[in-house]
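Q: Take this sequence and fold it.
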Amino acid sequence: MKEEKQRRFHETLLNILYPQPSSPQRDFSGEEPAATVRDMGIYPYPSLDAFEDLEEKSSDSSSDSGSHQKKLTRAQRKRIRKKKLKEAASRRRKMIGPLLPSTDGIQIEEDNEVEPLNYLHENTNQQISCGAVQEPNAGNNHQVVALSRSKVRTLPGYQGLLPFQLETGYVNVDESDGVELFYYFVESERNPKEDPLMLWLTGGPGCSAFSGLVLETGPLRINDDYSGSGLPSFVLNPYSWTKVSSIIFLDAPVGSGFSYSSSLLGWNSSDTKSSRQTYIFLRKWLADHPEFNNNPFYLGGDSYCGITIPIIAKEIADGISAQHKPLINLKGYLLGNPVTDVHSNDNSKILFSHRMALITDELYELTKRTCKGEYVNVDPKNVECVKNLGAALELIERVNDNQILEPKCDTTEPNCISDPNNCTIELPLERRIQGDRRFLGKKLPALLFPESECREFNYVSLVYWANDGSVRNALHIRKGSINTWVRCKKDILPLERDVQSSLIYHQNLSARGYRALIYSGDHDKYVSHLGTLAWIKSLNYSIIDDWRQWLVSGQVAGYTRTYSNRMTFATVKGGGHTAPEYKPEECLAMIARWLSHNPL
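A: Below you'll find the model as predicted:
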């Protein structure tokens with residue numbers, strides 16, 4: 001019975017990620033790929049190199065046939081080239097499968113009018129605006145496009161009307177390359193006119209903000225009772241951060257979630273480019289929502305957002321100094337288990353593992369001495385260091401990185417990586433849901449869905465929900481924009497990680513007087529609190545309130561320290577990599593106190 005349930009569940013996932021051409025339920029295009037992105041070593045968009053070859057071939061073809069037919073005019077050659085470019089893009093889409101968003105047939109607004117869609121919930125969800133406004137006194141004097149935005153009053157999987165205000169929409173952040181960022185906006189359930197406004201990003205990079213909405217800080221929680229038939233269901237989250245703040249959940253960078261580009265070049269991004277586009281998003285969004293211009297504004301996110309959010313905050317601060325309108329009322333930012341300095345973060349894992357009794361005192365001291373405290377850039381000629389470090393890493397290999405007390409469910413058999421035909425046990429979950437056909441298609445009985453006690457269960461359930469046609473209609477997703485939604489695309493997006501440390505941005509923001517809350521789930525091995533404390537220490541801020549307990553309902557929820565320059569650090573006791581997912585009550589209390597300028 002259990003095996004049959006898992007088999008049906010996984011077959012459904014395969015049908016979603018790799019729909020057959022004859023499938024009647026398929027309402028987003030895409031054909032089964034002949035090879036995978038990893039097989040071919042390419043990113044999920046057509047290569048521009050091929051376009052130049054096509055132009056040359058077109059010219060050669062014209063000259064070869066010149067003796068048999070009239071010479072083509074310049075306009076005719078241009079039309080032929082355009083046709084061939086389109087054919088090349090189509091061939092590449094077929095080659096790499098349904099993860100590639102199509103730029104053909106996307107339903108978007110033109111001349112301030114929106115082509116109507118057949119919404120399943122057309123009686124309750126409605127398009128409320130679309131158009132353009134001129135930004136007054138803008139530093140760059142560009143037009144601010146007020147994207148199409150829609151009120152969502154019902155969602156498949158939730159019974160009845162939503163008891164909170166939800167809006168979805170797109171903002172164009174790069175008109176030349178057609179980059180459209182998708183967002184979910186939830187108004188504060190308390191007092192949206194006065195409560196803070198927050199932009200929430202999810203890490204990865206490349207993870208959808210919908211993860212944050214239903215797994216961390218948003219008003220919905222996904223049920224863990226999904227059986228593989230129908231749609232996953234949702235319940236209300238009593239510890240949603242929307243109890244005290246309005247939140248914009250943004251799919252960024254481009255390619256995350258439902259954000260897309262209508263041009264090939266638009267898919268290319270980087271830490272700095274994505275941060276700049278997010279700043280443009282905020283200016284345009286606030287121009288379209290002027291009622292929130294005076295609300296205190298905060299940036300929030302976790303994991304890889306430790307790199308991007310400080311960059312975005314500096315973009316905003318620079319814009320304020322330059323008097324770019326609308327002026328964003330930035331007050332500060334908050335980061336959970338943030339990747340901040342890549343080397344410092346990775347180097348802290350051995351110390352963390354020792355502190356958590358995963359490595360013996362003797363082995364730790366030996367490794368520390370022979371490696372001289374350097375566990376990332378190891379000299380391969382240092383035989384003793386390599387040997388001891390290898391022994392330490394072997395001890396922690398099977399420990400869950402995100403929360404060391406929870407089971408590690410994305411197990412891998414070594415020979416499975418080199419030869420998928422030899423797989424006999426479950427494969428890495430992240431690789432499965434990112435659409436690696438080599439693994440998804442091999443030995444189906446071995447690809448068992450994670451047990452319901454694994455958090456990965458809910459991660460995969462979201463794939464079912466977000467790729468259902470009724471869900472896309474309810475959210476007002478543009479048809480043809482994103483073929484297959486996956487929770488995280490960190491190994492797929494063409495994103496250049498051009499910032500290795502965001503420390504200089506923290507220093508800049510602190511010098512300008514902005515507040516910062518840095519919190520860490522203390523059982524996260526991936527981005528440990530020890531690494532975070534190390535980079536905070538490097539800022540040389542004075543301690544004004546030293547290490548102490550902070551309480552929720554009379555119980556110790558963690559420990560906190562307050563620094564000069566308006567920075568607060570807090571641990572969340574028992575929390576994992578995304579602390580609100582593991583300790584929702586404690587994290588709501590933490591953020592409510594901090595936003596109210598009260599001590600934790």
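Q: ok, which stretches of the stretch 101-250 of the chain are helices?
A: 209-211 (DSSP state H, counting those that start in this stretch).
Q: Okay, now the unreliable bits of it?
A: Applying pLDDT under 70 to the stretch 101-250 of the chain flags residues 101-147.
Q: Do a quick rundown of the strands in it.
A: 126-134, 143-152, 166-174, 179-186, 197-201, 220-222, 234-236, 246-250 (DSSP state E, counting those that start in this stretch).
Q: Can I get those in TSV including mean neighbour count and distance to Ile404?
A: Where C-beta positions appear, they are placed from N, C-alpha and C, glycine not excepted. Shown next, in TSV, are the strands of the stretch 101-250 of the chain (neighbours: other Cβ atoms under 10 Å; distance: least, Cβ to Cβ, whole Å):
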stretch	mean neighbour count	distance to Ile404
strand 126-134	15	46
strand 143-152	20	38
strand 166-174	23	35
strand 179-186	26	31
strand 197-201	27	25
strand 220-222	22	23
strand 234-236	15	28
strand 246-250	26	28
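Q: So for Tyr260, which of the ones you listed sits nearest?
A: strand 179-186 (5.8 Å; Cβ to Cβ).
Q: Could you tell me how far Gln507 is located from Ser501?
A: According to Cβ to Cβ, to the nearest Å, Gln507 stands 11 Å off from Ser501.
Q: Tell me which of the two has more neighbours.
A: Ser501 (19 against 16; other Cβ atoms under 10 Å).
Q: right, and the more buried one touches Thr340 too?
A: Yes - between Ser501 and Thr340 there is a contact under Cβ atoms under 8 Å: 6.8 Å.
Q: got the buried residues for stretch 207-224?
A: 207-222 (16 or more other Cβ atoms under 10 Å).
Q: where does the stretch 501-600 of the chain dip in pLDDT?
A: Using pLDDT under 70, nothing in the stretch 501-600 of the chain is flagged.
Q: which residues of it fall in strands?
A: Counting by DSSP E, counting those that start in this stretch, the strands of the stretch 501-600 of the chain are 515-521, 543-552, 555-563, 567-572.
Q: looking at those strands, which is buried most?
A: strand 515-521 (a mean of 25; mean count of other Cβ atoms under 10 Å).
Q: now the angle between strand 567-572 and it, please.
A: 20 degrees (axes from the mean of the first three to the mean of the last three Cα atoms, to 10 degrees).
Q: partners of strand 515-521 in the sheet?
A: Strand 515-521 has the following sheet partners, assigned by DSSP bridges: strand 330-336 (parallel), strand 567-572 (parallel).
Q: how about the closest residue to Lys193 other than its chain neighbours, secondary structure?
A: Spatially, and ignoring its direct neighbours in sequence, Lys193 is nearest to Glu291 (7.4 Å; Cβ to Cβ, 6 or more residues apart in numbering). Recorded secondary structure, Glu291: helix (DSSP: H, G, I helix; E, B strand; the rest coil).
Q: Quick check: Gly300 is in a strand.
A: Yes - Gly300: assigned to a strand according to three-state DSSP.
Q: re the thing from before, export the strands paired with strand 515-521 as a markdown table, with columns for distance to Leu358.
A: Output for these, formatted as a markdown table (distance: least, Cβ to Cβ, whole Å):
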| stretch | distance to Leu358 |
| --- | --- |
| strand 330-336 | 22 |
| strand 567-572 | 18 |
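Q: returning to that earlier point: the residue nearest to Lys193 and Gly576, how far apart?
A: Taken as Cβ to Cβ, the span from Glu291 to Gly576 is 36 Å.
Q: between the two, which one's more packed in?
A: Gly576 (25 against 9).
Q: tell me the pLDDT at the nearest residue to the more buried one once chain neighbours are set aside?
A: Distances taken as Cβ to Cβ, 6+ apart put Gln403 closest to Gly576, at 3.2 Å, once the chain neighbours are dropped. Note on Gln403: pLDDT of 96.
Q: ditto for Asp288
A: 95.
Q: For it, grab the count of nearby residues.
A: Neighbours of Asp288 using other Cβ under 10 Å come to 21.
Q: close enough to count as contact, it and Ser148?
A: No - counting by Cβ under 8 Å, Asp288 does not reach Ser148; the two are 10.3 Å apart.
Q: Report the contact partners of Ser269.
A: Ser269 makes contact with Pro253, Val254, Gly255, Gln277, Leu493, Pro494, Leu495, Glu496, according to Cβ atoms under 8 Å, 6 or more residues apart in numbering.
Q: Make JSON lines from the residues you listed and add secondary structure to it.
A: Listed next are the contacts of Ser269 as JSON lines, based on three-state DSSP:
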{"residue": "Pro253", "secondary structure": "coil"}
{"residue": "Val254", "secondary structure": "coil"}
{"residue": "Gly255", "secondary structure": "coil"}
{"residue": "Gln277", "secondary structure": "helix"}
{"residue": "Leu493", "secondary structure": "coil"}
{"residue": "Pro494", "secondary structure": "coil"}
{"residue": "Leu495", "secondary structure": "strand"}
{"residue": "Glu496", "secondary structure": "strand"}
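Q: Understood, closing this out.
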